[in-house]
Each structure stands twice: as C-alpha cells, then as structure tokens.
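Peer 1: Please work out how this folds:
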Amino acid sequence: MPDPYPTQTLKLAPALTLTLTLTLTLTLTLTLTLTLTLSLTLTLTLTLTLTLSLTLTLTLTLTLPLTRTLALTLSLTEQANEIFKAVKALVMASARSKGVSDYETKDYLSKLQEIAFTCLSTEGVEDMAVRLWTSTERHADRELCSILNEAIRSDARAVDFESAPKDGADCPADATELLQPAVTLACMIQHHLNMGRRTGGKQRTQWPKGKDAPEGKGCSSEANTTFRGAELPEQHKCFFEALADAHQADESRGVYRVPTLLATSFEKRVAMNFIKRIDDSKPKVLFIVRLDRDLGCKQVNFLDKTEVDGEAEFLFSAYSVFRVQSVQWSETPERSATPHEITILASPDNAEEPEDVPTAPWH
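Peer 2: Predicted structure coming up:
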C-alpha cells in the first residue's frame, strides 16, 4: 500500500558547470560634410564617413567541484528526511491513540511539512527541528510540542513504577510506538539546546540580562531569571512542597528532573498569558526559574528562530535538573492574577547531577 503521507525529499545535481559568454559590439560612425561656395557659383561638397567596429567575445567556463560538499549536503538532507519521518510517525501514532481521523492527520502533516522544508531551504536542519517545535498548527487541539512532550511523559510513567497508577490507566499501551520517533525529534532539538556544552557556552544565542539590556540581546523581566505558566493539579503540590522542605534543610537537596522539554520565557507577561489560557476552574502556577549567572547552564538555549514572535522562549533539554528553592501557595489559585508560585534553581550542568533523583509528575 502506498504511503498516504509521503515525505518530501530534496534532489541534488551531481555537478554544476557554468558557462558565461559576453559579446560587446561598438560601432562609431562619423560623418563630416563640408560645403564651399565660390563667387563663380561652384559648390564643392565633401563627405567623410568613418566606421569603427569592435567585437569582444569572452567565454568563461567554471566547473564547481562538489566532491567534498556533496556528501555533506546529502547527509544534511537525509537528516532532514529522518526528522520529518519521525514527526510523521509521532503524529500518526498519537492520532491512532486519540482516534483522530486520517483526513485531519494528513492535513496537519501537510502544514508541518510546508514549515519544515521552507525552513530547510533557507536555514538548516537544526533550525527546522526548532521551528517545528514552535509551530502553532494544531492536531486535535494540540500543538506538536504538546504531542512530543506527551510521548516523553508516557515513557517516564512507564519506567517509574512507583509513581505510575497501579492499573496503568495513565500509561498508554502504545508508549513505545510514540517514544521512538519522539527521541529522534527531541535529540535534534536538543542539539541546539546543548550548544553551550559543545562550545563552552560561547555560542549561546541569548541570556536573560534584565530590563536594561537591549532588545534582542538579553532583555528580560529579571536578570538571570525566566518564567513558566502552567496548570498545577492539587495532588502534585506535595511533590514540590517536600522538595522545598528538603532544600531549606540542606541546599544540596530538593533535586528533581523534568522528563520533558521545558519551555520558559524571558518575559513574565508571556508566562502570565499562558496562565490566562487555562480553564478558570483549574489551579494555576507560576514557575520562577533562577539561573546561576557565573556558572551558566549547559542544557538550555534561547530560540531565536521560531514560528511565534514575541514569546522569548528559553527552552531546557528533557530531563534537566532543578532544585526547589521555595513554594508559595495561593488561596485562590484558580484566578489568573493569583496563581501558586514555585521558585526553582536550574542546575548549571545536568551531567554533574545524580541520576537517581525523582522526576516531576507534572510541570
């Protein structure tokens, strides 16, 4: 059976030869007429015509040696195709688990494919993955970022037997089917997020420097701080409260990992706008994410190439480590203006943190 959702591929010519021919013709005509009339009524007319013709033909043949670049270009194209194959597999697996129609799924994939290959033609594979993450196109009322994080959460619940429901109701049977393409896509996004690890922090696009920083060069609501607005079900408050108590007793404690990619913003107003989108009946929370100015953070980066302008997104890698510094519970968390507040400190380097720490059941 033919694939109902074909993946677009890029075709490359094996070599390129450019021939340029320039022909220049210059013609100069000079006509001089002299008329002399004498008293004897003798008229003498002299006409002189001079024609100069110059033709210059220049032929330049340039053959571009593509031997070295062809393999790299093909490699990048293969990466792009692999990424979109992963996106397609992820969306289709999610559609099957949610009972979404083939028509709606095909339409959604077509829109994502247009974003992906438009980006690839002007930017790169890494930017293509990031742009797909920030896409606002919806499939069954969910954006791709939500579909991806749901797949990662499903895997976390599948391996965390202590926190998973005993009847498995919250752990989809097709978690493995969702996980494989989710890993491919997440790894490509994290290639950008972990740029600081590869370059010693020298190529991070932006860092929150506070209100006095120029726009586009680290301007943020607070220096060394980002924000996240979310829902917080009542049953998950105890997780953060216990970690906050542990941290108060010992600053090295209160550690946990977030299994999903974690989106935050330089701007508090962006986080508050996300809170306003949450149903009025549900409790809300504002996460205040502190960053170490001196040590930095190797598993986060600013998304400067995005499908949504103005969000100032600072995205953390999956399984990033945080410490709960404090919690402040609101008496009216259902109101957008008075959410709970949880202040967390981002670890400078995930690789230096223990692996046997709890994962957040909600974020």
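Peer 1: Secondary structure element for residue 178, which one?
Peer 2: Assigning secondary structure by DSSP states H and E places residue 178 in helix 175-193.
Peer 1: Can I get that helix in PDB? Just the C-alpha atoms.
Peer 2: Extracted C-alpha coordinates of helix 175-193, given in PDB (Å, rounded to 0.1, in the frame of the first residue of the first chain):
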ATOM      1  CA  ALA A 175       4.100   4.300  24.700                       C
ATOM      2  CA  THR A 176       6.900   2.500  22.800                       C
ATOM      3  CA  GLU A 177       5.400   3.400  19.400                       C
ATOM      4  CA  LEU A 178       5.300   7.000  20.400                       C
ATOM      5  CA  LEU A 179       8.700   7.000  22.100                       C
ATOM      6  CA  GLN A 180      10.900   6.000  19.200                       C
ATOM      7  CA  PRO A 181      10.100   9.000  16.900                       C
ATOM      8  CA  ALA A 182       9.900  11.300  19.900                       C
ATOM      9  CA  VAL A 183      13.500  10.500  20.800                       C
ATOM     10  CA  THR A 184      14.600  11.300  17.200                       C
ATOM     11  CA  LEU A 185      12.900  14.700  17.200                       C
ATOM     12  CA  ALA A 186      13.900  15.600  20.800                       C
ATOM     13  CA  CYS A 187      17.500  14.800  20.100                       C
ATOM     14  CA  MET A 188      17.600  17.100  17.100                       C
ATOM     15  CA  ILE A 189      16.000  19.900  19.100                       C
ATOM     16  CA  GLN A 190      18.500  19.400  21.900                       C
ATOM     17  CA  HIS A 191      21.400  19.700  19.500                       C
ATOM     18  CA  HIS A 192      20.500  23.400  19.600                       C
ATOM     19  CA  LEU A 193      19.700  23.500  23.300                       C
END
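Peer 1: Now do it: distance to the chain's middle.
Peer 2: 13 Å (Cα atoms, centre = their mean, to the nearest Å).
Peer 1: can you check stretch 229-247 too?
Peer 2: 29 Å.
Peer 1: Kindly export it (C-alpha atoms) in CSV.
Peer 2: Written as CSV, here are the backbone C-alpha positions of stretch 229-247 (Å, rounded to 0.1, in the frame of the first residue of the first chain):
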residue,chain,number,x,y,z
GLY,A,229,2.9,29.5,33.5
ALA,A,230,1.1,26.2,33.8
GLU,A,231,-1.7,24.3,35.5
LEU,A,232,-1.0,22.5,38.8
PRO,A,233,-3.4,19.8,39.9
GLU,A,234,-3.9,19.7,43.6
GLN,A,235,-2.4,16.2,44.0
HIS,A,236,1.0,17.3,42.7
LYS,A,237,1.5,20.1,45.2
CYS,A,238,3.0,17.7,47.8
PHE,A,239,5.8,16.8,45.4
PHE,A,240,7.2,20.3,45.2
GLU,A,241,6.5,21.1,48.8
ALA,A,242,8.5,18.1,50.0
LEU,A,243,11.4,19.1,47.8
ALA,A,244,11.3,22.7,49.0
ASP,A,245,11.4,21.5,52.7
ALA,A,246,14.4,19.3,51.8
HIS,A,247,16.2,22.2,50.2
